[in-house]
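# give me the fold of what follows.
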Amino acid sequence: MNQLLKMIAGLLVAVALALVAYAWFLSRQPVPAPRTAQPVVALHSVVVTARAVPNGQPLVAEDLKIAQLPVNPNGAFRETSAVIGRVPVLDLGVDAPVLAPQLSSGLAARVGEGERAVAIKVDETSAVGHRVRPGDFVDVFLTLKRDNLEVGQSQARLLLSRRRVLAYGAGSIDGAATTPASAQAAAQARAEPGRTAVLAVAVDEVNALNLAEAHGRLSLVLRNPSDTATGTDGLLPEPPPLLATAAQARGASRGAAPLAGVDRALAGVSLDALVHTGAAPSARPQSSSHVPPPLVARSPSPSAAAAARPAGATIEVIRGTRVENVQP
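Numbering: from 1, shown residues only. Modelled structure (predicted):
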């Protein structure tokens with residue numbers, strides 16, 4: 001029995017020694033580095049600049065390209081067609097992502113070439129009962145009251161035909177409200193009637209529109225957008241410009257090209273020429289010997305008054321229902 005126990009004890013000691021030796025062997029081996037999975041980076045197609053672009057110039061196809069970026073910036077574009085023609089408001093470097101906040105937006109981007117956005121005052125009667133909406137087309141009629149100093153007689157006529165409404169009150173064709181961003185403030189602004197309308201007019205029509213609004217009353221007449229009828233070109237003479245051109249100043253006005261666009265806007269227009277289309281502004285004769293009239297008129301002497309009175313002149317006197325003529 002003792003012999004068997006000795007054999008078992010010796011076997012256990014041998015196994016223990018073998019395990020110790022194996023553990024020592026494993027401790028001498030280098031520990032392998034843990035395997036880590038390589039992350040998959042998603043690439044995004046983003047429109048970037050192919051060259052440096054200064055601000056204020058419309059983007060062309062040569063300015064843009066598509067790049068694969070690991071990030072997708074907020075406001076980025078995926079196609080160059082969505083950016084061509086847009087105008088950056090700041091300088092863009094090479095390979096810079098083109099973002100929406102960097103491009104001109106709002107009404108300025110909706111004004112056509114050669115046009116200007118002009119605001120005029122409106123009310124319920126002059127704006128079709130506030131039924132005008134951004135994007136509509138309107139005719140602008142002018143009404144001038146009798147005024148012996150400026151206008152010879154009262155008149156009402158068509159001033160501008162088929163002009164586009166860019167904004168009316170708080171509404172705008174760019175979809176943005178001209179009021180604060182607060183939802184409550186925007187709802188309140190929509191409930192209030194519009195007080196101004198912004199029209200897209202040619203640059204050489206701005207002077208006439210400003211003069212007409214300052215000295216008369218403008219009315220917006222709503223029209224169907226499919227109705228494209230306008231006044232016949234060249235039917236009526238254009239009002240003469242207020243300022244003379246260099247050719248006219250040199251006496252070489254014959255054969256000079258008619259003014260248009262910005263040049264006509266620079267030359268201006270007078271109210272007299274506007275209300276009497278084609279007639280030159282009346283010029284007051286000026287003389288170096290002109291003496292201004294006295295501030296207080298002196299009463300003529302009786303003898304001078306009698307001499308200046310025409311023969312047979314009478315004075316009409318009305319007493320109740322009786323009318324009689326008497327000698328002065």
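
# use CA for all of it now, contacts and neighbours both
Will do.

# pLDDT weak spots in the stretch 51-200 of the chain?
Across the stretch 51-200 of the chain, the ranges flagged by pLDDT under 70 are 146-152, 175-191.

# as a check, name the ranges of all strands in the chain.
Assigned by DSSP state E, the chain shows strands spanning 44-49, 64-69, 115-121, 137-144, 155-168, 171-172, 196-202, 217-223, 315-319, 322-326.

# what's in contact with stretch 119-134?
165-168, 171-173, 193-199, 213, 218-222 (C-alpha atoms under 8 Å, 6 or more residues apart in numbering).

# er, stretch 60-79 actually
Residues contacting stretch 60-79 (C-alpha under 8 Å, 6+ apart): 41-53, 80, 83-85, 97-101.

# what about that stretch, distance to the chain center?
On the basis of C-alpha atoms, centre = their mean, to the nearest Å, stretch 60-79 sits 28 Å off its chain's mean C-alpha point.

# can you check stretch 91-100 too?
Going by C-alpha atoms, centre = their mean, where stretch 91-100 is centred and where its chain is centred differ by 25 Å.

# same question, stretch 204-222
The answer for stretch 204-222 is 17 Å, by C-alpha atoms, centre = their mean.

# what about the closest residue to residue 217 other than its chain neighbours, neighbour count?
Counting by C-alpha to C-alpha, 6 or more residues apart in numbering, residue 143 is the residue found nearest to residue 217 once chain neighbours are left out, at 5.2 Å. Residues near residue 143, counting by other C-alpha atoms under 10 Å, number 18.

# ok, now which ones touch residue 143?
154-157, 216-218.

# could I get the residues you listed as JSON lines with distance to residue 246?
Shown next, in JSON lines, are those (distance: C-alpha to C-alpha, whole Å):
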{"residue": "154", "distance to residue 246": "35"}
{"residue": "155", "distance to residue 246": "34"}
{"residue": "156", "distance to residue 246": "35"}
{"residue": "157", "distance to residue 246": "33"}
{"residue": "216", "distance to residue 246": "32"}
{"residue": "217", "distance to residue 246": "34"}
{"residue": "218", "distance to residue 246": "34"}
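
# which of those residues lies closest to residue 235?
Of all the contacts of residue 143, the one sitting nearest residue 235 is residue 157; the distance, using C-alpha to C-alpha, is 14.9 Å.

# does that closest one touch residue 139 like I think?
No. At 10.5 Å, residue 157 does not count as touching residue 139 under the criterion of C-alpha atoms under 8 Å.

# ok, those two, which is more surrounded?
Remark: of residue 157 and residue 139, residue 139 carries more neighbours, 19 against 11, as counted by other C-alpha under 10 Å.
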